[in-house]
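A.B. asks: below: sequence and its predicted model.
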Amino acid sequence: MLFLLIPLNSFAAEAVTIDFFWIKGCPHCDHEKGFLSQLEKDYPNVKINSYELVKHMALAKKMTRSHGTRWKDVGPQTFIDNKHWVGFSESTAKQIRDFVKKKSTVQKKTVKRGPAGFYR
């Protein structure tokens, strides 16, 4: 039996969920909001859940514990997968963008093609 590996041409980037906690009146939070808004436009597979930290502190604390990091009563706080960022700067923006870019890179999948063109 002959099997060929053939790349498929229809791919979808992995969904990336960003949980973003912000504080009203915080300039760093406002700066990150703009950054995340642009990131969402640049990467259609990105979904942002935005929470006011004061109103959703219990959730933020729970996420901090689940990420194995220490709770800090400051904003902004950003969670993606197993990553947790506190605060926002150009360095943080680069780290977040690079992480999203890596998660968004489409991986080509291959399938085995058997006799008579049947896919397995």
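C.D. replies: Now that the structure is in, tell me what you want to look at. The shown structure was predicted, so the numbers you read here are calculated from the model rather than taken from an experiment.
A.B. asks: and the residue nearest to Thr105 when sequence neighbours are not counted, how many neighbours?
C.D. replies: Take Thr105 and drop its neighbours on the chain: the residue closest to it by Cβ to Cβ, 6 or more residues apart in numbering is Ala13, 7.3 Å away. For the C-beta atoms, the positions are set from N, CA and C on the backbone; glycine is no exception. Around Ala13 there are 15 other residues, counting by other Cβ atoms under 10 Å.
A.B. asks: same check on Lys94?
C.D. replies: By the criterion of other Cβ under 10 Å, Lys94 has 10 neighbours.
A.B. asks: what's the answer for Glu14, then?
C.D. replies: Neighbour tally, Glu14, other Cβ under 10 Å: 11.
A.B. asks: who's in contact with it?
C.D. replies: Each residue near Glu14 by Cβ atoms under 8 Å, 6 or more residues apart in numbering is listed here: Asn45, Lys103, Ser104.
A.B. asks: what is the least confident helix or strand in this structure?
C.D. replies: Least confident helix or strand, the chain: strand 4-7 with a mean of 47, by mean pLDDT, DSSP states H and E.
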